[in-house]
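Colleague: Provide a 3D model corresponding to the input given below.
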Amino acid sequence: MILGLCFFGLVINYLDRANMSVALPYIDADLQLNLSNTEKGLILGAFFWAYDGMMLVAGWFTDKVGSRRAFTFAAIWWSVFTALTPLARSFWGFFGFRFMLGAGEAPAYPASTKAASRWFPVSERALSTAVIDSGSRVGTVLSLPVVTALIAMTTWHYSFVVLGAVGIVWAGLWYWYYRDPAEHKGANDLERRYIAENGGRTDENDDSEATKIRWSQLFGYRTVWGMMLGFFCLNFVIYFFLTWFPDYLKNARGLNLKELGTLGMLPGLAAVIAGWVAGAYADRLIRGGTDVTLVRKTVMVGGLLGGAAILPAAFASSIYLALFFLAISYSSLAVAATGIWSLPADVAPSSRHVASIGGIQNFASNIAGIVSPFMFGFLLDKFHGDYTPAFALAAGFAVLGACSYAFIVGRAEPLPLPAGAALPARP
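Modeller: Predicted coordinates:
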């Protein structure tokens, strides 16, 4: 139940996030805004200015108040601003609503990551994080048929209003049901003991000295910086699929509305399946005794190298061949993400740092959310709609990310106490 609620929370999160990328061409035509590709990129990227700016605070906030309150607060905030988006009537209006949406969505990933670290031991961590993270891809995939269907049946306005209402309902369910294992009536003592004794990040198995590590001291670890760089590179590629992908299918490949809602689902569906399979297999290897670090690094490095398959899509002679390469790229990135989102729980010095590290790496990754949509739009304007230079740049970042996880990130185990650092006494 906890895993399912986290999954559906991120599905709704990404439906609201990806809504604009599908609706924007119809908004532009309806309101006659005559937006350039650069302006479209700025609107699509506005979300990330606030999302990224709030991410560091969101991780700290989640560790302080817990997943239940943080996720509820986030869902209500982002749902309200999703529903209010149709009130905009100009470039700056849409930029502003997307900015506020981004601010509200920031706690979602840290809250779900912390919840998973509480409920799932290390041998179940890859699959649980794969399922949760796949919510982002399911939401993105569903945005194509759901938003296009809402637009076709009504107008673009209702695609925002309906999805905003769905988010409010989910927030109520989450607040009503979620508790940590120690407080949940549905968990018995055997389950709590199983979680604690097999690597679940709970207060009971925290090192008392590690809990004293300050949030600012987390930036003193090379592994944390490697996680930040590697995740930035992964998201630089992934955010093509969340922002410019519908435009690519419509304008570069000539798909109509019906084809956009069907063929456009294929890379995302492949990514969901690949992520779940990779997570389950990684957990199986760990249960069989394979070194956790070897498993994590294999999926992260290999997945990012596979993400470079976005480049051949630019030279594909048909839409089906292009979708094949894009499916390989997106699926490989989803595989890498199973390791990336397992790492905060693996390396956190204590359970009090899981969401903070998740927020820190997500902060760096979503700088790509600001840069990537803008760079795609800029390169499209500069090269007259040709996606090849933008795809080449994305492939280069994928390779750089693989190098970061291979050579900068250390072992997948709790970070040691800072060398020579004075730790404050806990009250």
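Colleague: contacts, neighbours, all on C-alpha from now
Modeller: Noted.
Colleague: ok, residue 351 - contacts?
Modeller: When contacts are counted by C-alpha atoms under 8 Å, 6 or more residues apart in numbering, residue 351 is found next to 117, 118, 201, 202, 203, 206, 211, 345.
Colleague: the stretch 301-427 of the chain: strands as residue ranges?
Modeller: Secondary structure of the stretch 301-427 of the chain, counting by DSSP state E, counting those that start in this stretch: no strands present.
Colleague: where does it dip in pLDDT?
Modeller: Counting by pLDDT under 70, the stretch 301-427 of the chain contains low-confidence ranges at 420-427.
Colleague: show me where it has its helices.
Modeller: 310-313, 319-340, 343-347, 354-382, 388-407 (DSSP state H, counting those that start in this stretch).
Colleague: what's the angle from the second one to helix 388-407?
Modeller: Counting by axes from the mean of the first three to the mean of the last three C-alpha atoms, to 10 degrees, helix 319-340 points 30 degrees away from the direction of helix 388-407.
Colleague: for the longest one, same thing?
Modeller: What separates the directions of helix 354-382 and helix 388-407 is an angle of 150 degrees, with the same axes, to 10 degrees.
Colleague: flag every buried residue along helix 354-382.
Modeller: Across helix 354-382, burial judged by 16 or more other C-alpha atoms under 10 Å covers 354-380.
Colleague: with adjacent residues omitted, what lies nearest to residue 66?
Modeller: Closest residue in space to residue 66, ignoring its immediate chain neighbours: residue 111 at 7.3 Å, by C-alpha to C-alpha, 6 or more residues apart in numbering.
Colleague: could you pull out the buried residues of stretch 65-72?
Modeller: Within stretch 65-72, the residues scored as buried using 16+ other C-alpha under 10 Å are 66, 67, 68, 69, 70, 71, 72.
Colleague: with stretch 274-283 instead?
Modeller: Burial within stretch 274-283, assessed by neighbour count using 16+ other C-alpha under 10 Å, is assigned to 274, 275, 276, 277, 278, 279, 280, 282, 283.
Colleague: show me the contact partners of that stretch.
Modeller: Taking contacts as C-alpha under 8 Å, 6+ apart, the residues outside stretch 274-283 that touch it are 123-131, 134, 295-296, 299, 331-332, 334-335, 337-338.
Colleague: number of nearby residues for residue 173?
Modeller: Here the neighbour count serves as a burial measure; for residue 173 (other C-alpha atoms under 10 Å) it reads 12.
Colleague: tell me how far it lies from residue 293.
Modeller: In this structure, residue 173 lies at 36 Å from residue 293, with C-alpha to C-alpha, to the nearest Å as the measure.
Colleague: cool, residue 391 as well?
Modeller: Going from residue 391 to residue 293 by C-alpha to C-alpha gives 31 Å.
Colleague: with residue 105 instead?
Modeller: Between residue 105 and residue 293 the distance, using C-alpha to C-alpha, works out to 30 Å.
Colleague: neighbour count for these two, which is higher?
Modeller: residue 105 (30 against 17).
Colleague: residues contacting that one?
Modeller: Contacts were defined as C-alpha under 8 Å, 6+ apart; by that measure residue 105 touches 13, 51, 74, 75, 77, 78.
Colleague: narrow those to those in helices?
Modeller: In helices, judged by DSSP state H, the following of the contacts of residue 105 are found: 13, 51, 74, 75, 77, 78.
Colleague: CSV for those residues, including distance to residue 151?
Modeller: As requested, the ones in helices among the contacts of residue 105 are arranged in CSV below (distance: C-alpha to C-alpha, whole Å):
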residue, distance to residue 151
13, 19
51, 26
74, 26
75, 23
77, 24
78, 21
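Colleague: can you tell me which of these is nearest residue 237?
Modeller: Using C-alpha to C-alpha, residue 51 is the member of these that lies nearest residue 237, at 17.7 Å.
Colleague: that closest one contacts residue 104, doesn't it?
Modeller: Yes: using C-alpha atoms under 8 Å, residue 51 is in contact with residue 104, at 7.3 Å.
Colleague: does residue 186 count as helix, strand or coil?
Modeller: The three-state label for residue 186, taken from DSSP: H, G, I helix; E, B strand; the rest coil, comes out as coil.
Colleague: residues near it, how many?
Modeller: Applying the criterion other C-alpha under 10 Å, we find 10 residues in the vicinity of residue 186.
Colleague: what about residue 56, which helix or strand?
Modeller: helix 37-65 (DSSP states H and E).
Colleague: just want the angle from that helix to helix 354-382.
Modeller: Taking the same axes, to 10 degrees, one finds helix 37-65 and helix 354-382 inclined to each other by 180 degrees.
Colleague: just checking, what packs against helix 37-65?
Modeller: helix 2-31, helix 67-84, helix 91-105, helix 108-119, helix 354-382 (3 or more C-alpha pairs under 8 Å, 6 or more residues apart in numbering; DSSP states H and E).
Colleague: roughly how far does residue 382 sit from residue 375?
Modeller: Spatial separation of residue 382 from residue 375 under the definition C-alpha to C-alpha is 10 Å.
Colleague: er, residue 346 I mean
Modeller: Between residue 346 and residue 375 the distance, using C-alpha to C-alpha, works out to 33 Å.
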